[in-house]
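Q: Here's my sequence, what's the structure:
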Amino acid sequence: MELLCERVIASAGQPLTPGESLRRIFEAIAGGIILPGGPGMYDPCEKDATDAFGHLTNQQREDITASAQHALRLIVFRQVHKVLGMEPLPPPQRNSTKTNRKRRRDDSEGGDKEPVDGKKDKKEGVENAGSAVDMATTEGASSSSSSQETK
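A: Predicted structure coming up:
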C-alpha cells in the first residue's frame, strides 16, 4: 500500500495537498490499477517483475476496487468524514460583508438618465448597420429595375 501511495503522489508532477493526495490515491485504485487485467504495479525491490499485489485474490482485488469507487463518490460529494470515520466538521463562519458580492447601482432611484456611451454607440452601430442594409437593398432593387428597363 505504501508503494501505491508513493507512486500515485509522485506521478502528480506538482505538490499536492493532503486532500488532493487522498483523492488521487482513491482515483487510482477505483480506476482498476490493482485489478488482474489492469496495469498493475511492480515491486521495485524484486529482481524479477513481480506484481506488488500478487498476494491478493481476484475477489479481494475487486472488493478493494469497489470500495475505492464508493469512497471516491463520497469524497466528491463532500462527505469525506464518512470515509475517514469521523464527525463532520462544522461549516465555516462567513462574514456578512463578503456574501454580498454585487456592486451597488449608481442610480438607486431608477431615474431617467442618459444611456451609457458604450450602449449608445452599440445602438447607433446597429441602426447604421440596418440603414446600410436598407440602402444596399434599395440600390440593388433600383439597379435591377433600371437594368430591366434598358432591356
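Q: low-scoring stretches of this protein, by residue?
A: 95-101, 107-151 (pLDDT under 70).
Q: Okay, helices next: where are they in it?
A: 2-10, 18-30, 58-76, 80-84, 96-99, 117-150 (DSSP state H).
Q: buried sites along the fourth one?
A: Buried residues in helix 80-84, counting neighbours by 16 or more other Cβ atoms under 10 Å, are found at 80, 83. For glycine as for every other residue, the C-beta is placed from the backbone atoms N, C-alpha and C.
Q: CA atoms only: put that helix into CSV for me.
A: Extracted C-alpha coordinates of helix 80-84, given in CSV (Å, rounded to 0.1, in the frame of the first residue of the first chain):
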residue,chain,number,x,y,z
VAL,A,80,-15.1,12.7,3.3
HIS,A,81,-15.9,12.5,7.0
LYS,A,82,-17.8,9.2,6.3
VAL,A,83,-14.7,7.8,4.6
LEU,A,84,-12.4,8.8,7.5
